[in-house]
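**Student:** Give me a 3D structure for the following:
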Amino acid sequence: LIDVEQLTPDQIHIEFIDLDSGLGELLESAPIPDSYINSITYTICANFHDVIEATNQAFERCRTHISTHGITGTWVIVDNMQKAWDWAQDDVCQIIYGMSMAEKMAQARKSQVRAKKTGIKGEGKFNQQLDYAVINPWHNDWAQSFKTYGGNFLWLSPWHLEDIKDESDNVIETVLRFGQKRNDLEVSHIIIKKFDDKRNWLADFYKARGLSTLPKNIKDCTWKGMFDALAAVEKIEQKQKEQTMKTRKFPTPIKDMPIPDEPQVEQTPTTEGDDW
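**Tutor:** Numbers count the residues shown, from 1 in each chain. As a prediction, this is how the structure comes out:
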């Protein structure tokens, strides 16, 4: 916002909703000029109820800022989405079962171990039909609200690879997980940041709306560097599309094609007098 958009402090309003005390680490890796510190509103949360309240208040402040300065410098950042999903489950678990999710998982684990000995089906962490019918809408309504508040948003999350298995416990697919499994449908771009073998940062685009080719192993992990790499790919794909259009063959219209006679419609008398 400062280097690329050249926005002044009064043109920037960032709401940082912190779920894992991660702001200190971010500030160490990307120091913010003192004159811009007041452009950030910081809120730390302890459960999903806190997250919802902090988000609603952030949206109100952002809408006020947008009315004066527009949306370019208006952002809501959530750090991190995995914690939000875990807390949504944990809060519901406390309400329904009167215990934390860790305790519920331990209970489910014991049940599954017992099931292997007895042959009786073990209990899961949650009831798929009843519990997730409460958890999913609660979490997903919150996630959806970011798309309609009127400004920009950035979601941060740790990620991991997860094996998807069939009924015989065979791995049929390996997928990327970050936060709740459908969060990737909500956003336009997903960037995975990782270390190489020398502990240098690299970035991969995991999703870029409208592109079939995604830049990988980007060395310049600044915001500008990553999106410059994306812009280069967009330029190449656009040229490819233009070239395809130039070489594409369209059907040639037939010249002097006779116009068929209009079909004759048989008239039938009405029931009112002699009118036709």
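
**Student:** okay, CA-based contacts and neighbour counts for the rest of this
**Tutor:** Fine.

**Student:** Give me the buried positions along stretch 40-57.
**Tutor:** Going by neighbour count (16 or more other CA atoms under 10 Å), the buried part of stretch 40-57 is 43-45, 47-48, 51-52, 54-55.

**Student:** Okay, and which of these map to helices?
**Tutor:** 48, 51-52, 54-55 (DSSP state H).

**Student:** quick one, strands of this structure?
**Tutor:** Residue ranges of the strands in the chain, as given by DSSP state E, are 13-18, 40-44, 74-79, 152-156, 160-165, 171-177, 189-195, 201-208.

**Student:** what angle sits between the longest one and strand 189-195?
**Tutor:** What it means is strand 201-208. Angle, strand 201-208 to strand 189-195, by axes from the mean of the first three to the mean of the last three CA atoms, to 10 degrees: 160 degrees.

**Student:** Point out the other helices and strands that strand 201-208 packs with.
**Tutor:** strand 189-195 (3 or more CA pairs under 8 Å, 6 or more residues apart in numbering; DSSP states H and E).

**Student:** quick one: contacts of the strand it packs on?
**Tutor:** The contact list for strand 189-195 (CA atoms under 8 Å, 6 or more residues apart in numbering) reads 184, 201-209, 221.

**Student:** Got a quick PyMOL command for the buried subset of the residues you listed?
**Tutor:** Buried residues among the contacts of strand 189-195 (16+ other CA under 10 Å), as a PyMOL selection:
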select buried, resi 184+202+203+204+205+207+208+221
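
**Student:** Make TSV from the contacts of strand 189-195 and add pLDDT and distance to residue 2 to it.
**Tutor:** Output for the contacts of strand 189-195, formatted as TSV (pLDDT from 0 to 100; distance: CA to CA, whole Å):
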residue	pLDDT	distance to residue 2
184	70	28
201	91	22
202	95	23
203	95	21
204	95	24
205	94	23
206	90	26
207	90	25
208	91	24
209	86	25
221	92	16
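
**Student:** Among the contacts of strand 189-195, which one lies nearest to residue 14?
**Tutor:** residue 221 (20.5 Å; CA to CA).

**Student:** my read: that closest one touches residue 202, true?
**Tutor:** Yes. At 6.4 Å, residue 221 counts as touching residue 202 under the criterion of CA atoms under 8 Å.

**Student:** can you pull the buried residues of stretch 74-94?
**Tutor:** By 16+ other CA under 10 Å, the buried positions in stretch 74-94 come out as 74-93.

**Student:** what stretches of this protein score poorly on pLDDT?
**Tutor:** 111-114, 117, 119-125, 181-182, 250-276 (pLDDT under 70).

**Student:** the helices in the stretch 1-150 of the chain, which residues?
**Tutor:** 23-29, 48-69, 81-97, 101-118, 132-145 (DSSP state H, counting those that start in this stretch).

**Student:** can you list the ones you listed in JSON lines and add distance to residue 195?
**Tutor:** As requested, the helices of the stretch 1-150 of the chain are exported to JSON lines (distance: least, CA to CA, whole Å):
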{"stretch": "helix 23-29", "distance to residue 195": "14"}
{"stretch": "helix 48-69", "distance to residue 195": "30"}
{"stretch": "helix 81-97", "distance to residue 195": "20"}
{"stretch": "helix 101-118", "distance to residue 195": "30"}
{"stretch": "helix 132-145", "distance to residue 195": "29"}
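
**Student:** Looking at those helices, which is nearest to residue 8?
**Tutor:** helix 48-69 (10.6 Å).

**Student:** Compute the inter-axis angle for that closest one and helix 132-145.
**Tutor:** Interaxial angle of helix 48-69 relative to helix 132-145 (the same axes, to 10 degrees): 20 degrees.

**Student:** Dump helix 48-69 to PDB, keeping only the CA atoms.
**Tutor:** Output in PDB follows, covering the C-alpha atoms of helix 48-69 (Å, rounded to 0.1, in the frame of the first residue of the first chain):
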ATOM      1  CA  PHE A  48     -15.100 -17.800  18.200                       C
ATOM      2  CA  HIS A  49     -17.600 -15.500  19.900                       C
ATOM      3  CA  ASP A  50     -14.800 -12.900  20.200                       C
ATOM      4  CA  VAL A  51     -13.900 -13.400  16.500                       C
ATOM      5  CA  ILE A  52     -17.500 -12.700  15.300                       C
ATOM      6  CA  GLU A  53     -17.800  -9.600  17.500                       C
ATOM      7  CA  ALA A  54     -14.300  -8.300  16.400                       C
ATOM      8  CA  THR A  55     -15.200  -8.900  12.800                       C
ATOM      9  CA  ASN A  56     -18.500  -7.000  13.000                       C
ATOM     10  CA  GLN A  57     -16.900  -4.100  14.700                       C
ATOM     11  CA  ALA A  58     -14.000  -4.100  12.100                       C
ATOM     12  CA  PHE A  59     -16.500  -4.000   9.200                       C
ATOM     13  CA  GLU A  60     -18.300  -1.000  10.700                       C
ATOM     14  CA  ARG A  61     -15.000   0.900  11.000                       C
ATOM     15  CA  CYS A  62     -14.000  -0.100   7.500                       C
ATOM     16  CA  ARG A  63     -17.200   1.100   6.000                       C
ATOM     17  CA  THR A  64     -16.700   4.500   7.700                       C
ATOM     18  CA  HIS A  65     -13.200   4.700   6.200                       C
ATOM     19  CA  ILE A  66     -14.400   3.600   2.700                       C
ATOM     20  CA  SER A  67     -17.000   6.300   2.600                       C
ATOM     21  CA  THR A  68     -14.200   8.900   2.900                       C
ATOM     22  CA  HIS A  69     -11.100   7.200   1.400                       C
END
